[in-house]
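Novice: I'll drop the sequence and a predicted model, then ask my questions.
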Amino acid sequence: QLQLVESGGGLVQPGGSLRLSCAFSGDILDYYAIGWFRQAPGKEREGVLCISSSGGSTNYADSVKGRFTISRDNAKNTVYLQMNSLKPEDTAVYYCAAAFDYCSGYMSVWGQGIQVTVSS
């Protein structure tokens, strides 16, 4: 059974950085695309970034271009979301999700989410 567990969230000041981790278990991470999504209070969930099984990345949100990057370490069964130059509007619950092979696939498994709060 596939399982995803996010970690690395917390409170950070504007302009700061955080690195979220998504730990994958239950299958071989190499076969999966992993996406990061977020949901702010009162807003719909939105896609942030995704990385395919081959390592190509897809950016879903113009607001994070140049600030967020996604990477994967298949040996560690982990996908990372590096978030730099954080803004208060990045405050949200962040989720990782898995799809087979491509980012365009159906995200069938989701993590429980982790809170990121950007505030002074």
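Specialist: It's in. Numbers count the residues shown, from 1 in each chain.
Novice: so how far is S120 from the residue positioned nearest the centre of the chain?
Specialist: Note on the chain: the residue nearest the mean C-alpha position is W36, at 2.7 Å, using Cα atoms, centre = their mean. In this view, W36 and S120 are 24 Å apart by Cβ to Cβ, to the nearest Å. Using the backbone N, CA and C atoms, a C-beta is placed for each residue, glycine as well.
Novice: circling back to that earlier point, what's the next secondary structure element after the host helix or strand of the residue nearest to the centre of the chain?
Specialist: Taking DSSP states H and E as the definition, W36 sits inside strand 32-39. Going down the chain from strand 32-39, the next helix or strand is strand 46-51, by DSSP H and E.
Novice: What strands line up against that following strand, and which way round?
Specialist: Sheet partners assigned to strand 46-51 using DSSP bridges are listed as strand 32-39 (antiparallel), strand 57-59 (antiparallel).
Novice: Please enumerate the helices of the protein.
Specialist: Here the chain has no helices by DSSP state H.
Novice: can you pull the buried residues of the lowest-mean-pLDDT helix or strand in it?
Specialist: Least confident helix or strand of the chain, by mean pLDDT, DSSP states H and E, is strand 57-59 with a mean of 92. By neighbour count on 16 or more other Cβ atoms under 10 Å, the buried set for strand 57-59 is 58-59.
Novice: Which residues does that strand contact?
Specialist: Outside strand 57-59, the residues that touch it by Cβ atoms under 8 Å, 6 or more residues apart in numbering are 35, 49-52, 65, 69-70, 103.
Novice: what residue of the protein is the furthest out?
Specialist: Furthest out from the centre of the chain (Cα atoms, centre = their mean) sits S120, at 23.2 Å.
Novice: That one - nearest residue in space that isn't next to it in sequence?
Specialist: Q13 (5.4 Å; Cβ to Cβ, 6 or more residues apart in numbering).
Novice: Look up phi and psi at that neighbour.
Specialist: Backbone geometry at Q13, expressed as degrees, to the nearest 10, gives phi -80, psi 150.
Novice: Would you enumerate the residues in contact with it?
Specialist: 86, 118-120.
Novice: Quick check: pLDDT value at it.
Specialist: Per-residue confidence at Q13 stands at 98 (pLDDT).
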